[in-house]
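Trainee: have a look at this prediction, sequence included:
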Amino acid sequence: VVVYNEVLKRCSEHKLEYTALRLLREMEKYGIEPNADSYSWVIRTIGRSRRNNHQVAYDFAMDIAREKQMFVTERMFLELLKACKLKSSLPMIHKIMDTILDS
């Protein structure tokens, strides 16, 4: 998991959204269970890769929470908020804050 997380981190730095998603699927294919950090890096990559992609990153985080029956971690929310700040998306920031307060 550590090696995959390091590669996912590099994907984030270079805004390689599709590569990060492919790596996540590859981990699952080979029986390597992604951890919260893995998902955080992918959320960061999605949120920063394209203009107005923060909604997609939010949806991805919520889907992961439902599918994996796990809580969205503070780091995942932080990555979402950072992406929104970069894109100056105040409505999305409010949506994320509402989600945090409701959980």
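Mentor: That came through fine. Residues are numbered from 1 along each chain as shown.
Trainee: how many neighbours does residue 32 have?
Mentor: By the criterion of other Cβ atoms under 10 Å, residue 32 has 14 neighbours. C-betas here are computed from N, CA, C, even on glycine.
Trainee: find the nearest non-adjacent residue to it, please.
Mentor: residue 1 (6.1 Å; Cβ to Cβ, 6 or more residues apart in numbering).
Trainee: show me where the protein has its helices.
Mentor: 2-13, 17-29, 36-49, 54-67, 74-87, 90-102 (DSSP state H).
Trainee: how near is residue 90 to residue 97?
Mentor: 11 Å (Cβ to Cβ, to the nearest Å).
Trainee: one more: residue 57?
Mentor: Distance from residue 57 to residue 97, counting by Cβ to Cβ: 15 Å.
Trainee: same question, residue 56
Mentor: Between residue 56 and residue 97 the distance is 19 Å, computed by Cβ to Cβ.
Trainee: and the two? Which one has more around it.
Mentor: A direct count of neighbours by other Cβ under 10 Å for residue 56 and residue 97 places residue 56 higher, at 16 against 12.
Trainee: by mean pLDDT, flag the weakest helix or strand of the chain.
Mentor: helix 74-87 (a mean of 83; mean pLDDT, DSSP states H and E).
Trainee: how far is that one from where the chain is centred?
Mentor: On the basis of Cα atoms, centre = their mean, to the nearest Å, helix 74-87 sits 9 Å off its chain's mean C-alpha point.
Trainee: so what's residue 100 up against?
Mentor: residue 77 (Cβ atoms under 8 Å, 6 or more residues apart in numbering).
Trainee: look up how far residue 58 lies from it.
Mentor: 12 Å.
Trainee: if we look at the least confident helix or strand of the chain, which residues are touching it?
Mentor: 36-37, 39-40, 43-44, 46-48, 51-54, 57-58, 61, 90, 92-93, 96, 99-100.
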